[in-house]
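Student: below is the sequence, then the predicted model.
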Amino acid sequence: MKESKSQLIGIGEFSSKAGVTLRTLRYYDNIGLLKPCSYNKSGHRLYNKQDFAKLQKILTLKFIGLSLDEIKKIIKYDVNEQDFKKSLEIQKKIMEDKIYHTYMVMKAIDEALETASNNDIINWDKFTNIINVIQLDKKLLQQYENASNLRARIRIHEEFSVNKSGWMEWFFHQLNIPQNAKILELGCGDASLWTKNLDRIPNGWNIILTDFSKGMLNDAKRNLGKSAKRFKFKIVDAQKIPFEDSRFDVVIANHMLYHVDDIEKAFSEITRVLKKNGYFYASTVGKNHMAEMRDIIGKFKSEALTSKSWESTSDFQLENGFEQLEKWFNNIKLKRYEDSLNVTKPEPLVDYIFSMPGNVRENFDEERLKELMIYLENRIHKESGIYITKDTGFFQARK
């Protein structure tokens, strides 16, 4: 429903309530960072309640150290402006990272101070350490973008999937794991498999969550909250697993093997750490997964958009996974997850498309974004939603 003029407030009232100067608001308008939602007959700026949320996001990102240019890149195509809860969750995560980083800088300074107090000779290595720790802050922008992209990809499945049981819940239910099992997950990501099934995990399970990314492991710990104490965490490359032979009853690789450079090395390591008759679960997608999304990109005909990122799963898919696994494992079974999407809003589709590698937002101007939105809106209206194929499943194998 369109907002009436009586529900809008002028720039003076908006400035007063937000605690931001008129000069700042006018500047944000001039550079296209926060434009008013409307104007009155005299041409004066008018704002609504949603504009407070936009301003809050800008100020939060500015507070954690991002430049206005960097913030503008982040929010320029944040077309899903109603999804404020998820936005706030991501901002909180980045703030927590900022707090942790500040703590690490202070710790490095304290170490340098202690050395300087106890020794007349300056230890220049300590100052180098401070510099190195400070430099870690440059990763915050990348972390924010990665978190936003992950949010976009998860959201479209959660909101528009026909199968409401959810992939993580369904996959967990398929796992054949004994009561007192030692379990290794490779590439745990943000620990979604476990956060979605916390109440179903037996007390006897000994679970080690690993990922190649330290940032992902931090996300996993944060998402598990108080339940994190039930797990162990370790940075691990699947091609060189740092555990002894025949240690685990179960190894899980949930949508991650196609990211590994040398899958054969990973299989060799997985079989080494698995016990005899231990289970290996490897989930992935098929060739037709999200095929209609690729079709949308192709029909829109924009050089700024590409569907090449969907080819990133080709090294290990439902169609070619069996022949790769049979060199290393026995009793291989394939099971597919029955699902599809019926997307009834254009914003999540745009978010998803821009979240994929290669779809550079900076090269996609506002006019083209408007054209894409109109194209999607017309298709949704004509077809009562856009149908998108989901082809997901997993292999179960035994050593």
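Tutor: Ah, there it is.

Student: from Trp170, how far out is Asp245?
Tutor: 32 Å (C-beta to C-beta, to the nearest Å). The way it works is simple: take the backbone N, C-alpha and C, and place the C-beta from them, glycine included.

Student: list the contacts of the closest residue in space to Pro242 that isn't next to it in sequence.
Tutor: Closest residue to Pro242 apart from its sequence neighbours, by C-beta to C-beta, 6 or more residues apart in numbering: Val236 at 6.4 Å. Neighbouring residues of Val236 by C-beta atoms under 8 Å, 6 or more residues apart in numbering: Leu186, Thr210, Asp211, Phe212, Pro242.

Student: Asp245 and Trp170: who's more crowded?
Tutor: A direct count of neighbours by other C-beta atoms under 10 Å for Asp245 and Trp170 places Trp170 higher, at 17 against 9.

Student: need the pLDDT of that one.
Tutor: You'll see Trp170 listed with a pLDDT of 96.

Student: low-confidence ranges, the stretch 1-150 of the chain, go.
Tutor: 1-6, 76-87, 90, 116-148 (pLDDT under 70).

Student: the residue most central in space within the chain is in what secondary structure piece?
Tutor: For the chain, Leu150 is the residue whose C-alpha lies nearest the centre (C-alpha atoms, centre = their mean; 2.2 Å). Under the criterion of DSSP states H and E, Leu150 resides in helix 139-160.

Student: give me the nearest residue to the residue nearest to the centre of the chain, chain neighbours excluded.
Tutor: Using C-beta to C-beta, 6+ apart and skipping the chain neighbours, the partner closest in space to Leu150 is Asp190 (7.3 Å).

Student: so that neighbour touches Leu217, yeah?
Tutor: No - applying C-beta atoms under 8 Å, one finds Asp190 not in contact with Leu217, separated by 9.4 Å.

Student: one step back: how near is the residue nearest to the centre of the chain to Ile270?
Tutor: 25 Å.

Student: what does Gln324 give?
Tutor: Going from Gln324 to Ile270 by C-beta to C-beta gives 12 Å.

Student: for those two, indicate the residue with more neighbours.
Tutor: A count of neighbours by other C-beta under 10 Å puts Ile270 above the other of Gln324 and Ile270, at 24 against 19.

Student: assumed that one was part of a helix.
Tutor: Yes - note on Ile270: a helix contains this position according to DSSP: H, G, I helix; E, B strand; the rest coil.

Student: dump the residue contacts of it.
Tutor: The contact partners of Ile270, by C-beta under 8 Å, 6+ apart, come to Leu186, Ala238, Ile241, Val251, Ala253, Phe280, Trp328.

Student: pLDDT score for it?
Tutor: Value for Ile270, per-residue pLDDT: 98.

Student: do Phe364 as well
Tutor: 68.

Student: quick one: the strands in the stretch 151-300 of the chain?
Tutor: 182-186, 206-211, 231-235, 248-254, 274-285 (DSSP state E, counting those that start in this stretch).

Student: quick one: the last one to chain centroid distance?
Tutor: In other words, strand 274-285. The gap between where strand 274-285 is centred and where its chain is centred comes out at 25 Å by C-alpha atoms, centre = their mean, to the nearest Å.

Student: got the angle for that strand vs strand 248-254?
Tutor: 10 degrees (axes from the mean of the first three to the mean of the last three C-alpha atoms, to 10 degrees).

Student: adjacent strands (with direction) for strand 274-285?
Tutor: Using DSSP bridges, strand 274-285 pairs in its sheet with strand 248-254 (parallel), strand 386-398 (antiparallel).

Student: rounded mean pLDDT for the first one, please.
Tutor: It stands for strand 248-254. 98.

Student: buried residues in it, which are they?
Tutor: Neighbour-count burial for strand 248-254, counted by 16 or more other C-beta atoms under 10 Å, picks out Phe248, Asp249, Val250, Val251, Ile252, Ala253, Asn254.

Student: which pair in the residues you listed spans the largest distance?
Tutor: Farthest pair in the buried residues of strand 248-254 (C-beta to C-beta) is Asp249 and Asn254. Separation: 16.8 Å.

Student: confidence score at Lys221?
Tutor: Reported pLDDT at Lys221 in the predicted model: 91.

Student: wait, doesn't it sit right on Ala228?
Tutor: Yes - in this structure, Lys221 is within contact of Ala228 by C-beta under 8 Å, at 4.8 Å.

Student: the residue nearest to Ala397 when sequence neighbours are not counted: how many residues sit nearby?
Tutor: Sequence neighbours aside, Phe329 is the residue nearest to Ala397 in space, at 3.5 Å (criterion: C-beta to C-beta, 6+ apart). When neighbours are defined as other C-beta under 10 Å, Phe329 has 22 of them.

Student: ok, Ile183 next?
Tutor: Around Ile183 there are 20 residues (other C-beta under 10 Å).

Student: swap in the one 10 residues further on?
Tutor: For Leu193, the tally of surrounding residues (other C-beta under 10 Å) stands at 22.

Student: doesn't Met168 make contact with it?
Tutor: Yes - using C-beta under 8 Å, Leu193 makes contact with Met168 at a distance of 5.3 Å.

Student: how close does the residue nearest to Pro242 get to Lys229?
Tutor: With distances taken as C-beta to C-beta, Val236 is found 20 Å from Lys229.

Student: now swap in Ala152 and tell me
Tutor: When Ala152 is compared with Lys229 (using C-beta to C-beta), they lie 31 Å apart.

Student: these two - which one has more neighbours?
Tutor: More neighbours surround Ala152 than the other of Ala152 and Lys229, with 23 against 9 (other C-beta under 10 Å).

Student: many thanks, we can stop here.
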